[in-house]
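K.L.:
this is a predicted model, with the sequence first.
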Amino acid sequence: MREVGAFEAKNKLGSLLDLVEKGEEVVITRRGRRVARLVPDSSEEKRERARQAAANLIELSKGATLGGLKIKDLIEEGRR
């Protein structure tokens, strides 16, 4: 983790973003006190984990049966 002052962060934002894009975390300080943190965006990673979880559920459901029950009957039973 890299720590930089606010003035340096302002002047070197592009370089700091390059570091963050590569996975590094950057803490920005003002007068020696931590005020902000730049971290890599994890939204794509979360989307990929969600896709994988959905694929796993689909795979698990293959071949599953209701033992002769009908979905319509189960839905009706749940409404009572």
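P.N.:
Cool, the structure landed. Residues are numbered from 1 along each chain as shown.
K.L.:
got phi/psi on Leu66?
P.N.:
phi -100, psi 10 (degrees, to the nearest 10).
K.L.:
what's the neighbour count on the closest residue to it other than its chain neighbours?
P.N.:
Nearest residue to Leu66 in three dimensions, chain neighbours excluded: Leu74, at 7.3 Å (CB to CB, 6 or more residues apart in numbering). Where C-beta positions appear, they are placed from N, C-alpha and C, glycine not excepted. Number of residues near Leu74 (other CB atoms under 10 Å) recorded here: 10.
K.L.:
and Arg33, bridged to which residues?
P.N.:
Arg30 (DSSP bridges).
K.L.:
tell me how far it lies from Glu3.
P.N.:
Distance of Arg33 to Glu3, computed by CB to CB, to the nearest Å: 11 Å.
K.L.:
helix or strand: which one has Arg49?
P.N.:
helix 43-61 (DSSP states H and E).
K.L.:
what do you get for Glu3?
P.N.:
Here Glu3 is assigned to strand 2-5, by DSSP H and E.
K.L.:
good, we can wrap up now.
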